[in-house]
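Trainee: coordinates for the following, if possible.
(one chain, ligands or ions: 1)
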Amino acid sequence: MNNQHWQAEQYAADFDFVPLYGTALFDLIAAPKGSTVLDLGCGNGTLTAKLAALGYQVQGLDASPELTALARRDHPELSFMQGDAVVFELREPVDVIFSNAVFHWIDAELQPALLEHAAAALKPGGELVCEFGGYGNNAMIHQALSAAFARRGLQYKMPFFFPTIGQYGPLVEQAGMQVRLALLFDRMTPLKGQQGLRDWIYMFVSQPFAGLTDAVKDDIIAETVDALRSVLYIKGQWYADYVRLRLRAVKAEQTAA
Ligand code: BEZ
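Mentor: Just a heads-up that it's a prediction; the model follows:
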């Protein structure tokens with residue numbers, strides 16, 4: 001798992017587009033209202049609360065103590081657990097596992113464990129509905145960071161897992177779920193404010209800078225932002241070059257012995 005420490009309040013205030021885009025996934029849930037839903041990687045609970053308002057019986061799970069605390073503070077009527085998506089277990093299986101903008105934080109070698117735990121937490125016939133960064137996500141940003149690292153004789157290690165459908169589908173099937181829908185699509189995403197790209201990098205890309213001084217980090221990020229101005233700053237607005245992998249999969253029904 002990626003060691004990301006969230007600045008929870010800034011995330012909630014300046015990156016609220018992350019959960020807002022996730023509402024598009026609600027239409028993929030086939031289970032009727034009243035069904036049980038786990039919001040896996042629920043962050044500050046924004047989407048958990050929206051699912052509850054739609055009539056689902058929800059619980060949220062997130063690895064970050066800061067974000068779990070914020071979720072509990074903002075939605076005290078709902079149940080939030082702190083826990084790791086690659087080792088979690090539920091007391092009772094659920095009808096739906098929902099997850100938005102989470103799976104790319106989990107290293108490639110831990111994806112089978114993530115999907116096995118998700119399948120184990122679903123009832124037979126239950127569904128996984130998820131979206132996360134897919135192949136090519138933020139490629140311009142990571143390439144520009146990589147070039148800035150290289151100019152200093154440093155190596156940039158991209159800290160996310162952004163698979164193709166061809167890579168991810170078999171992992172889902174090996175975990176005992178059938179893929180019913182898989183989409184990989186571009187989504188140029190507007191960022192907030194005139195420092196939008198700079199703020200995005202500071203918020204989301206921390207691991208590659210481990211061991212570097214703040215001065216070197218600041219320098220690399222300033223250079224990266226400058227390099228991307230001609231392609232990601234359009235008519236006074238910063239964008240991030242997102243690519244999404246959206247997926248719905250169903251756990252096999254139990255067969256009669
Ligand atoms: C994403 O939602 O695709 C994402 C967000 C931050 C960092 C990496 C990926």
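Trainee: pLDDT weak spots in this structure?
Mentor: Along the chain, segments meeting pLDDT under 70 span 1-4, 6, 255-257.
Trainee: near the ligand, which residues of it?
Mentor: Proximity of the chain to the ligand, by Cβ under 6 Å from any ligand atom, involves residues 101, 104, 133, 137-138, 160, 204, 242. To be clear about C-beta, it is placed using only N, CA and C from the backbone, and glycine gets the same treatment.
Trainee: please redo it, this time with the cut-off set to 5 Å
Mentor: When proximity is defined as Cβ under 5 Å from any ligand atom, the chain approaches the ligand at 101, 133, 137, 204.
Trainee: distance between stretch 71-82 and the chain's centre?
Mentor: How far stretch 71-82 lies from its chain's middle: 19 Å, per Cα atoms, centre = their mean, to the nearest Å.
Trainee: most neighbours among the residues of the chain next to the ligand, please name it.
Mentor: Within those, most neighbours by other Cβ atoms under 10 Å means residue 137, with 24 neighbours.
Trainee: which SS class is that residue?
Mentor: coil (DSSP: H, G, I helix; E, B strand; the rest coil).
Trainee: beta partners of the closest residue to the ligand within the chain?
Mentor: The ligand sits closest to residue 133 of the chain, with a gap of 3.1 Å, by Cβ to the nearest ligand atom. Under DSSP bridges, the beta-bridge partners of residue 133 are residue 244.
Trainee: can you show me the helices along the stretch 101-250 of the chain?
Mentor: For the stretch 101-250 of the chain, the helices defined by DSSP state H, counting those that start in this stretch cover 111-120, 139-151, 165-174, 196-204, 214-232.
Trainee: how about the ones you listed in CSV, adding distance to residue 54?
Mentor: Below are the helices of the stretch 101-250 of the chain laid out as CSV (distance: least, Cβ to Cβ, whole Å):
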stretch, distance to residue 54
helix 111-120, 21
helix 139-151, 33
helix 165-174, 25
helix 196-204, 28
helix 214-232, 34
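Trainee: what about the residue lying closest to residue 178 once chain neighbours are set aside, how many neighbours?
Mentor: For residue 178, ignoring the flanking residues on the chain, the nearest one in space by Cβ to Cβ, 6 or more residues apart in numbering is residue 250 at 5.3 Å. Using other Cβ under 10 Å as the criterion, residue 250 is surrounded by 17 other residues.
Trainee: got a list of what residue 250 touches?
Mentor: 125-128, 177-178, 180 (Cβ atoms under 8 Å, 6 or more residues apart in numbering).
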